[in-house]
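> need a structure here:
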Amino acid sequence: MSYKAMCFLVLAAVGVLIIVILLDRQDFDPGGSGVLLSSLLVRNPLHILYHYTYTQPASRKGTCEFYTCFDILRCNLHNHNIKVHIYPLAQFYTGDKVISYSTEFLEMLDAIYTSEFYTPNPDEACVFIPSVDTLALHHQRHELSLVLSNLEHWGDGTNHLIFNFIGNIVELPIDKATLASSSLSTYTYRPNFDISLPFYVPENLTISKAEEEQPLSSAGGQMHDSLIASDIHGGGEVIDRDWSNRLAPRSGGKPWWKLVAFDTLLDRRSRIQLNDLSETYDDIIVLKSCEKSSNSPSCLSGLKSSVNQMISSSKYCFVSNVVRTVPLQLFLYMRQGCVPVILQGESVLPFSEILDWNLFSIRIRRKDMKSLVHILDEAEKSYDSKSLQLEKIFHKYMRNPAVIALTALKILNSRVFTKTGTTKQDWNLVQTQKSPLFLDRLPRPNSGFTAVILAYNRVDTLFQIIQQISKVPSLARILVVWNHQSVHPPSVDQWPKVNKQMKVVQTPANLLSNRFYPYAEIETEAVFSLDDDITMLTPDEIEFGFQVWREYPDRLVGFPSRLHVWNQTSSSWNYESEWKNEHSMILTGASFYSNYWNFVYTGTPGPGQRDIRDWVDRNMNCEDIAFNFLVSNSTQLPPIKIGPRKKYRCVTASCENGSMISQDSGHLARRTECVQQFASVYGSLPLKAVEFRADPLLFKDNVPDEVKKFAKIGSL
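Numbers count the residues shown, from 1 in each chain. Model (predicted):
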């Protein structure tokens with residue numbers, strides 16, 4: 001063999017060896033493989049071993065808020081979702097210690113990897129998730145902190161999300177990273193930054209001796225914590241009552257017990273109080289162990305039973321305020337459909353940022369323990385709804401680690417994309433009065449609006465308004481509702497010549513509700529309701545108002561605002577027309593709304609609303625207040641005021657003839673009566689007061705008008 005041939009073979013062999021080494025050491029980035037991460041790791045259990053030298057990591061920053069420790073500029077706001085990158089998966093070790101993966105952590109990564117949030121490209125990521133398992137922090141804290149601080153994109157932890165179920169999270173130095181944990185208390189929780197998670201216990205977990213406990217299974221090791229075993233299993237006397245027949249289900253599947261509590265999960269004061277109640281009431285029981293060596297955590301007259309069996313046999317389960325056991329108690333009880341009775345303390349309830357716990361639990365203070373039986377009796381009428389809501393919430397957000405992880409990402413997503421985020425009602429799966437109005441949260445297509453002008457006999461101002469409004473770019477049609485029966489509208493040749501469609505409808509009766517009739521001529525979704533004396537609005541103001549309505553199509557969006565206030569002297573609600581920073585009503589004399597509300601107002605879905613509409617027509621007043629009540633009651637949202645203008649008084653000659661209803665000296669008093677009467681019909685006051693005003697960009701800046709999109713907004 002020649003020298004050249006030998007050199008060629010040697011080079012070829014070296015090249016093959018290099019390729020094999022590179023393939024064996026390639027970064028394990030899950031992007032694009034289409035295979036679950038857990039499967040990849042199991043097939044390659046000894047993939048990359050990361051070695052780190054010691055660097056002192058920064059301690060957890062306790063003052064972090066979303067706007068100070070989260071870099072929103074990393075998020076592409078043109079996307080509808082945040083993009084999440086998972087660090088390359090590997091087996092990390094420092095020295096001779098390997099940080100293993102739990103099954104639960106791999107389930108969470110699998111869910112994120114296959115979700116719409118995942119991106120394999122770290123350059124387009126908004127949030128980073130370390131691929132090191134941090135679910136259990138009772139050991140390996142030092143090693144975990146070393147790994148985190150040396151991650152490629154870690155920096156100071158900004159935009160990193162750390163998941164945790166067990167352990168003292170304060171001792172883990174994560175700097176500015178967001179913590180999603182079930183171990184948070186009011187002292188460690190950073191509102192609107194951290195995320196309080198539910199605890200997770202595997203379905204097949206057997207609660208027995210401490211050394212047999214496996215609360216979280218793992219690949220290559222066990223995340224052991226004696227919390228469950230030591231707290232639920234414990235010593236105690238046998239309950240001496242004959243309840244063996246109550247361990248079988250009742251007919252209809254109804255639970256036997258009113259309230260169940262576990263003795264070893266209670267604090268001393270609660271234990272004494274509940275034991276006293278248990279002696280008095282047969283349907284309130286405090287479960288104790290049969291004996292210390294027993295494999296059963298509970299016993300009734302010597303009859304052993306499982307924890308799940310006892311929980312599912314009770315309507316309510318007592319949750320003590322022992323901080324470290326609250327997440328465990330909630331998960332065990334909710335999984336079996338037992339409504340939690342929560343003694344309030346330092347714990348932060350899971351997903352409390354989005355969930356209304358009053359809908360599926362009972363929360364009491366320490367001083368309420370004396371009247372606990374009365375509270376449970378009063379709650380009996382709402383038990384079925386709470387139980388059903390509990391089942392829906394648990395299945396939607398808490399049933400397994402994958403669902404928990406995705407819910408945490410959705411919460412982060414709603415913080416970044418506030419406008420397209422989920423509403424409080426949707427988070428809580430509350431069935432409200434739905435309509436096509438609520439089907440999307442994105443701006444409505446710019447199909448224009450119909451101006452509906454309620455006219456009586458002020459022709460001069462009416463013509464002035466028509467000429468003004470015809471200059472608005474988004475105007476599609478003008479509809480004049482002529483509300484005078486003895487005086488006919490002007491002849492065709494007298495009307496202003498405009499480049500928009502216009503039609504005049506003469507009503508058969510002079511009713512204020514005529515302005516809210518769903519006329520066939522209204523072909524657009526948006527309606528701009530206008531009085532025939534509102535001459536001061538500029539085309540820019542009206543166009544800007546329409547663009548704001550497109551962002552908030554379910555609300556009243558407009559110009560003149562009013563407020564309801566509580567009168568301490570008369571102990572009643574008053575109507576306030578003074579200039580305030582707050583408002584709870586937008587007058588329909590100049591407001592945008594969806595044509596949907598015309599159908600609702602005219603159709604009067606309830607007898608109370610029908611009575612209100614008839615009262616308005618008889619008394620020729622308060623139709624705008626009635627309309628605000630209707631919309632706010634349906635949406636549970638406040639209206640939106642447009643622009644800085646506060647004065648909308650007509651000053652033309654036709655407005656000074658004394659015929660204006662609002663010029664009557666008793667007008668304000670009658671409108672106060674309207675607020676009180678309508679609140680009585682509704683049973684409560686649905687109006688929502690808010691300090692909010694929509695202004696166009698640069699409207700107060702000292703820049704040329706050519707730079708401003710809406711230059712002529714009007715003065716105060």
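> which stretches of the stretch 101-250 of the chain form helices?
Under the criterion DSSP state H, counting those that start in this stretch, the stretch 101-250 of the chain contains helices at 103-113, 141-149, 227-232.
> hey, least reliable of those by pLDDT?
Note on those: helix 227-232 shows the lowest mean pLDDT, a mean of 42.
> helix or strand right after it?
strand 257-262 (DSSP states H and E).
> give me the buried positions along the helix or strand following that following strand.
Using DSSP H and E, the helix or strand that follows strand 257-262 in sequence is helix 268-280. Within helix 268-280, the residues that count as buried by 16 or more other Cβ atoms under 10 Å are 270, 271, 273, 274, 275, 277, 278. Just so you know, the C-beta spots here come from the backbone N, C-alpha and C atoms, and that holds for glycine as well.
> mean confidence score for helix 268-280?
Averaged across helix 268-280, the pLDDT comes to 90.
> report all helices and strands that the next helix or strand after it contacts.
Scanning forward in sequence from helix 268-280 by DSSP H and E, the next helix or strand is strand 284-287. Counting contacts by 3 or more Cβ pairs under 8 Å, 6 or more residues apart in numbering; DSSP states H and E, strand 284-287 packs against strand 257-262, helix 268-280, strand 298-300.
> in what helix or strand does residue 88 lie?
With DSSP H and E as criterion, residue 88 is part of no helix or strand.
> so which residues of the stretch 401-550 of the chain form helices?
With DSSP H, counting those that start in this stretch, the ranges of helices along the stretch 401-550 of the chain come out as 401-416, 424-427, 459-469, 539-551.
> as CSV, the helices and strands packed on strand 284-287 with distance to residue 551 would be great.
Formatted as CSV, the helices and strands packed on strand 284-287 follow (distance: least, Cβ to Cβ, whole Å):
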stretch, distance to residue 551
strand 257-262, 48
helix 268-280, 49
strand 298-300, 55
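> which one of these lies closest to residue 537?
Closest of those to residue 537 is strand 257-262, at 61.3 Å (criterion: Cβ to Cβ).
> just checking: what are the partner strands of that closest one?
Sheet neighbours of strand 257-262, with direction, are listed as strand 284-287 (parallel), strand 314-319 (parallel) (DSSP bridges).
> may I see these arranged in TSV, with mean neighbour count as well?
Output for these, formatted as TSV (neighbours: other Cβ atoms under 10 Å):
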stretch	mean neighbour count
strand 284-287	24
strand 314-319	26
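> among these, which gets the worst mean confidence?
Note on those: strand 284-287 shows the lowest mean pLDDT, a mean of 87.
> from the chain's centre, how far out does it sit?
Distance of strand 284-287 from its chain centroid, counting by Cα atoms, centre = their mean, to the nearest Å, is 36 Å.
> stretch 161-171 now?
The answer for stretch 161-171 is 24 Å, by Cα atoms, centre = their mean.
> ends of it, what's the gap?
Stretch 161-171 has an end-to-end distance of 16 Å (criterion: Cα to Cα, to the nearest Å).
> where along the stretch 1-150 of the chain do the strands fall?
Per DSSP state E, counting those that start in this stretch, the stretch 1-150 of the chain carries strands over the ranges 49-50, 84-86, 91-94, 97-99, 101-102, 127-129.
> kindly report the same for the stretch 501-650 of the chain.
501-506, 526-531, 557-558, 561-567, 572-576, 585-586, 590-594, 640-642.
> what are the pairing partners of the first one, and which direction each?
Looking at strand 501-506 with DSSP bridges, its paired strands and their directions are strand 475-482 (parallel).
> so the partner strand versus helix 459-469, what angle?
Put simply, strand 475-482 runs at 170 degrees to helix 459-469, going by axes from the mean of the first three to the mean of the last three Cα atoms, to 10 degrees.
> what's the angle between strand 475-482 and strand 526-531?
With the same axes, to 10 degrees as the basis, strand 475-482 and strand 526-531 are set at 40 degrees to each other.
> and strand 475-482, C-alpha only, in CSV?
The C-alpha coordinates for strand 475-482 follow below in CSV (Å, rounded to 0.1, in the frame of the first residue of the first chain):
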residue,chain,number,x,y,z
LEU,A,475,-69.7,56.7,8.3
ALA,A,476,-71.7,54.2,6.3
ARG,A,477,-75.2,55.6,6.5
ILE,A,478,-77.3,58.3,8.3
LEU,A,479,-80.7,57.3,9.7
VAL,A,480,-82.9,60.2,11.0
VAL,A,481,-85.6,59.1,13.4
TRP,A,482,-88.2,61.9,13.2
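> on that earlier part again, got the strands of the stretch 1-150 of the chain as JSON lines, with distance to residue 346 and mean pLDDT columns?
Formatted as JSON lines, the strands of the stretch 1-150 of the chain follow (distance: least, Cβ to Cβ, whole Å; pLDDT from 0 to 100):
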{"stretch": "strand 49-50", "distance to residue 346": "37", "mean pLDDT": "42"}
{"stretch": "strand 84-86", "distance to residue 346": "31", "mean pLDDT": "95"}
{"stretch": "strand 91-94", "distance to residue 346": "33", "mean pLDDT": "65"}
{"stretch": "strand 97-99", "distance to residue 346": "30", "mean pLDDT": "69"}
{"stretch": "strand 101-102", "distance to residue 346": "27", "mean pLDDT": "84"}
{"stretch": "strand 127-129", "distance to residue 346": "28", "mean pLDDT": "95"}
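> since that was my last question, I'll sign off now.
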